[in-house]
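> Output the structure for:
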Amino acid sequence: MTPSPDPQDNPEPGLVSRFPTAYTILFLLIAFVAALTWVIPAGQYDRAMNEEVGREIAVAGTYQAVDPNPQGPIDVLLAPVAGFYDPDSYAANAIDVSLFVLFIGGFLGVVNATGAIDTGIRVAMDRMRGREIWMIPIMMVLFSIGGTTYGMAEETLAFYSILVPVMIAAGYDAVTGVAIILLGAGIGVLGSTINPFATVIAANAAGIAFTDGLILRLVILLGGLAICIAYVTRYAHRVKANPASSVVARQADAHRKHFLKDMSTGTGATALSGTQKTVLVVFAATFGVMIWGVSSQGWWMARMSALFLGAAILVGLIARMGEKKLTGTFVDGARDLLGVALVIGLARGIVVVMEQGRIADTVLHGAEQSLAGLGDVAFINLMFAIEAGMSLFVPSSSGLAVLSMPILAPLADFAGVGRDLVVTAYQSANGLVNLINPTFAVVIGGLAIGRVPYDRWIAFVWPLLLILTLFICAALSVAAMI
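Numbering: from 1, shown residues only. Below you'll find the predicted structure:
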């Protein structure tokens with residue numbers, strides 16, 4: 001149940017296979033930006049230390065032309081390497097973030113090896129037999145917690161074969177089961193609060209504490225979750241009352257034949273052991289300690305990495321794993337996130353090329369000029385639209401964060417909008433698009449397991465996407481005006 005290296009690894013056949021991976025897209029973007037350094041005039045802003053964000057930021061009104069420094073093929077190859085540690089970059093270095101990703105991957109690997117999360121969900125489902133309609137809000141809340149805390153996405157694929165048959169047997173359809181998982185975890189990522197792969201990385205790239213803007217993200221999380229629960233529950237009631245109203249009504253017989261031929265909720269344990277309960281307490285407490293450390297003790301990547309390393313060791317001791325199993329599961333968990341760690345450096349390479357080619361500030365100046373006449377509300381909504389468009393090509397939340405935040409977050413300083421609001425706009429847009437993104441393997445993989453055609457999923461979810469878009473834009477607009 002640990003996150004995979006990248007959301008496009010091992011793509012399903014069909015739509016996803018037509019798109020290159022995030023790695024290829026990002027490398028092509030590095031080459032494209034390098035080409036732009038031969039065309040776009042070089043320029044720079046003066047920079048001054050901003051005590052609120054703890055680093056130097058561009059000073060509005062100080063842009064000036066400088067000597068060009070166009071980037072060639074060698075610079076393109078060096079950019080991903082420099083992206084990890086470039087000491088001259090105003091964006092935070094990627095090496096500490098990448099190491100943090102590897103440590104949290106190891107922690108998740110150890111926790112998942114205990115079976116605590118799997119069993120916890122099985123227990124919840126078992127206790128709701130005969131009252132399956134209540135499983136919709138309960139399971140969506142549980143999946144959303146996974147999404148908002150650690151970016152639960154690829155690991156949800158394990159639950160489709162468990163939950164979809166239960167929903168079909170209860171008189172609903174395959175889409176109901178798919179929606180509980182995909183929308184539940186998806187809305188959690190959309191409203192990420194402490195998600196290390198979205199919020200923490202984006203905030204780090206933007207030069208702010210990840211706790212900044214937490215209240216607004218909670219509002220979006222809770223409001224969006226309520227909307228999704230109501231939407232799915234209403235659909236499920238309608239399908240049970242009239243099966244012909246299902247968007248997969250034509251596949252209903254095939255679904256029942258496939259999923260109910262030998263239905264069970266799995267062969268694993270159906271009760272949490274004392275050890276697993278303790279592991280879940282440690283799991284939750286670890287994120288609580290992380291929030292406390294960052295918000296009141298000045299912790300950052302190194303101490304947070306140490307926290308997750310210590311928590312992994314503690315879980316291993318509680319579960320009596322033994323030295324070999326503990327280290328093995330930790331390394332396996334870290335290995336699963338190696339792709340995420342690499343994509344961070346690769347994405348930051350784009351910023352390196354822009355800076356070394358001396359066009360980063362020129363692009364920033366152009367954006368400053370184009371947004372100069374916009375009010376706070378127009379600015380943040382345009383930012384949301386830009387991030388949504390970019391998400392179609394870079395679905396990885398961590399990759400998009402380190403690609404866009406160092407460039408877009410500083411624009412907030414000129415617009416009089418908090419950088420935390422830009423971070424919230426980014427993660428909301430990315431989370432929203434990844435509910436339907438055909439380049440996102442979680443979407444195509446989940447639909448494939450649930451045997452729901454992509455076009456049928458779009459038919460089901462598009463009204464919800466419209467509602468969520470209006471809700472998010474309203475929340476961002478109100479926050480911008482406060």
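> I'd like the next helix or strand past the helix or strand bottoming out on mean pLDDT in the chain.
Sorting the helices and strands of the chain by mean pLDDT, DSSP states H and E puts strand 55-58 at the bottom, at a mean of 57. Using DSSP states H and E, the helix or strand that directly follows strand 55-58 along the chain is strand 64-65.
> Adjacent strands (with direction) for that next one?
Sheet pairing for strand 64-65, assigned by DSSP bridges, gives strand 43-44 (antiparallel).
> And the contacts of the partner strand?
63-66, 358-359, 361-362, 365 (CB atoms under 8 Å, 6 or more residues apart in numbering). Quick note: C-beta positions are derived from backbone N, CA and C, even for glycine.
> can you tell me the average pLDDT over that strand?
Taken as a whole, strand 43-44 has a mean pLDDT of 88.
> Please apply the same query to stretch 69-84.
Here the average pLDDT along stretch 69-84 is 89.
> buried sites along that stretch?
70-71, 75-76, 78-80, 82-84 (16 or more other CB atoms under 10 Å).
> With stretch 296-313 instead?
In stretch 296-313, counting by 16+ other CB under 10 Å, buried: 299-301, 304-305, 307-308, 311-313.
> just to revisit the earlier point, now, which of the buried residues of stretch 69-84 lie within helices?
Applying DSSP state H to the buried residues of stretch 69-84, the entries found in helices are 75-76, 78-80, 82-84.
> what's the nearest residue to residue 245 if we skip its chain neighbours?
The shortest distance from residue 245 to any non-neighbouring residue, by CB to CB, 6 or more residues apart in numbering, is to residue 238 (5.1 Å).
> hmm, what's the outermost residue in this protein?
residue 67 (38.8 Å; CA atoms, centre = their mean).
> so that residue, which of the three states?
Three-state call for residue 67 (DSSP: H, G, I helix; E, B strand; the rest coil): coil.
> quick one: contacts for it?
42, 358.
> now with 7 Å?
Counting by CB atoms under 7 Å, 6 or more residues apart in numbering, residue 67 makes contact with residue 42.
> ok, back up a step: report how many residues lie close to the residue nearest to residue 245.
Neighbourhood size, residue 238 [other CB atoms under 10 Å]: 13.
> Residue 274 too?
When neighbours are counted by other CB under 10 Å, residue 274 registers 8.
> That one and residue 284: what is the separation?
16 Å (CB to CB, to the nearest Å).
> so where's the stretch 1-150 of the chain shaky on pLDDT?
Filtered on pLDDT under 70, the stretch 1-150 of the chain yields the residue ranges 1-22, 48-61, 86-94, 117-118, 120-122, 124-126, 128-130.
> I'd guessed residue 450 sits against residue 178; true?
Yes - taking contacts as CB atoms under 7 Å, residue 450 lies within contact range of residue 178: 4.1 Å.
> so is the residue lying closest to residue 199 once chain neighbours are set aside in a helix, a strand, or just coil?
Spatially, and ignoring its direct neighbours in sequence, residue 199 is nearest to residue 192 (4.5 Å; CB to CB, 6+ apart). Following three-state DSSP, the label given to residue 192 is coil.
> list the contacts for residue 192?
148, 198-199, 217, 427 are the contacts of residue 192 under CB under 7 Å, 6+ apart.
> Now it: phi and psi?
phi -60, psi 130 (degrees, to the nearest 10).
> ok, now how distant is it from residue 222?
For residue 192 relative to residue 222 (CB to CB), the value is 13 Å.
> circling back: shouldn't the residue nearest to residue 245 be in contact with residue 244?
No - counting by CB under 7 Å, residue 238 stays clear of residue 244, with 10.2 Å between them.
> Could you give the number of residues near residue 28?
12.
> likewise residue 328?
Residue 328: 15 neighbours (other CB under 10 Å).
> quick check, residue 339 in a helix?
Yes - counting by three-state DSSP, residue 339 falls inside a helix.
> what's the pLDDT at it?
So, for residue 339, pLDDT stands at 75.
> how much space is there between it and residue 105?
From residue 339 to residue 105 the distance is 10 Å (CB to CB).
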